[in-house]
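Engineer: Here is my input; please provide its structure:
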Amino acid sequence: MQIHIFRGPGRVFGFTLAPTGDNLPGKYAPWTAFKTIELNRHAHTPGVDANECLDDIETYGVHVTDAHVRITEAALS
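Structural biologist: Below you'll find the model as predicted:
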């Protein structure tokens, strides 16, 4: 699955299916396009837990990390 990664402030990153990143939480804006990757379940991907990321995208539409630690729910509240 093609995932678009955006950089927020500090070490915050947002992962989404939306190429524009318009569904990323505003509290960490501005978001800057970082890169697009192919992400698959159970595949080792440096810097992100693929299963956790895809679960969040399925549930919330986004996956958000701070220094590689998942903060998705806190980012959306």
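
Engineer: Can you list the buried residues in stretch 42-60?
Structural biologist: Across stretch 42-60, burial judged by 16 or more other CB atoms under 10 Å covers 48, 50, 53, 54, 56, 57, 60. Just so you know, the C-beta spots here come from the backbone N, C-alpha and C atoms, and that holds for glycine as well.

Engineer: Tell me which of these has the lowest pLDDT.
Structural biologist: The weakest per-residue confidence within the buried residues of stretch 42-60 falls on residue 48 (92).

Engineer: I'd say that residue and residue 35 touch.
Structural biologist: No. Assessed by CB atoms under 8 Å, residue 48 is found out of contact with residue 35, at 11.5 Å.

Engineer: Grab the longest helix from the chain for me.
Structural biologist: Criterion DSSP state H: the longest helix present in the chain is helix 50-60.

Engineer: what packs against it?
Structural biologist: On a contact count with 3 or more CB pairs under 8 Å, 6 or more residues apart in numbering; DSSP states H and E, helix 50-60 meets strand 12-16, strand 62-66, helix 72-76.

Engineer: Try it again at 10 Å.
Structural biologist: Here helix 50-60 touches strand 2-7, strand 12-16, strand 62-66, strand 69-70, helix 72-76, going by 3 or more CB pairs under 10 Å, 6 or more residues apart in numbering; DSSP states H and E.
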